[in-house]
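> When you get a sec, could you give me coordinates for this:
(one chain, ligands or ions: 1)
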Amino acid sequence: MGFMKHKLMEEQERGWASLGDKYVCDQCFDDYALTGFVQEHASSPKCDYCGRRSKRKPIAAPVDDVVEYIHQGVILDWGNPNDELPYETREGGFQGNVVDAYDLFQDGKRQKEPTVQHGGL
Ligand SMILES: [Zn+2]
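Residues are numbered from 1 along each chain as shown. Here you go, the predicted model:
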C-alpha cells in the first residue's frame, strides 16, 4: 500500500486530517477549554497561525493535538444521524434534529440540546 493511501485510510478512520507540523497559541481561541488545553500542552515558542512569539517560554501546542482534543469533545456529544435516527422519506428525512458540522462550529449557533451531527468533521 502506498504512503498516501495509507495516510488517507488512517485519516478516515481517525475522523480528521492532519494539519502537519504546525503549532497554535491560546490567543487563537476564544473557548476557555481550548485555551487551557493549549496552555497545558504548549511546546513551541511561536504560533504558526497568528505569528505571536515568546522568547521566554513555549506558547503554542501542536495543532494536531488541539484538533484531536476538539474531535474527542465533539464525538462525546454528537453522532452520525445514520447511526442514531430513523429515516422516513415520507416524513421529510431524519426523524430528529440534524445539525451539520458548519452550523455546529458557527459562533453563537449552538443548539439548545445536542442531538445528531450530520456527516464527519
Ligand atoms: Zn496564535
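> For beta bridges, what are the partners of A60?
Under DSSP bridges, the beta-bridge partners of A60 are C25, S44.
> who's in contact with D31?
Shown in contact with D31 (Cβ atoms under 8 Å, 6 or more residues apart in numbering): no residues. Yep, even glycine has a C-beta here, placed from its N, CA and C like the rest.
> Repeat that for K55.
P45.
> Please report how far it lies from the ion.
16 Å (Cβ to the ion, to the nearest Å).
> mind checking pLDDT for that residue?
Looking at K55, its pLDDT is 96.
> For it, which three-state class applies?
Secondary structure assignment for K55 (DSSP: H, G, I helix; E, B strand; the rest coil): coil.
> Please tell me how far it sits from M4.
K55 sits 39 Å away from M4, taking Cβ to Cβ, to the nearest Å as the criterion.
> residue ranges for the strands of the protein, please.
23-25, 60-62, 87-88, 93-94, 98-100, 116-118 (DSSP state E).
> Next, count neighbours for the residue lying closest to G93 once chain neighbours are set aside.
Using Cβ to Cβ, 6 or more residues apart in numbering and skipping residues adjacent in sequence, the residue nearest G93 is Y87, 6.2 Å away. By other Cβ atoms under 10 Å, 12 other residues sit near Y87.
> Y87 against Q95, yeah?
Yes. At 7.2 Å, Y87 counts as touching Q95 under the criterion of Cβ atoms under 8 Å.
> Can I get the lengthiest helix in the chain in CSV? Just the C-alpha atoms.
In the chain, taking DSSP state H as the definition, the longest helix is helix 63-77. Only the C-alpha atoms of helix 63-77 are listed here, as CSV (Å, rounded to 0.1, in the frame of the first residue of the first chain):
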residue,chain,number,x,y,z
VAL,A,63,-2.2,21.9,16.1
ASP,A,64,-2.9,18.1,15.6
ASP,A,65,-3.1,17.6,19.3
VAL,A,66,-5.6,20.5,19.6
VAL,A,67,-7.7,19.1,16.7
GLU,A,68,-7.7,15.7,18.3
TYR,A,69,-8.9,17.3,21.6
ILE,A,70,-11.7,19.1,19.7
HIS,A,71,-12.7,15.9,17.9
GLN,A,72,-12.9,13.9,21.2
GLY,A,73,-15.1,16.6,22.7
VAL,A,74,-17.4,16.7,19.6
ILE,A,75,-17.9,12.9,19.4
LEU,A,76,-18.8,12.8,23.1
ASP,A,77,-22.0,14.8,22.4
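> I appreciate the help and will end here.
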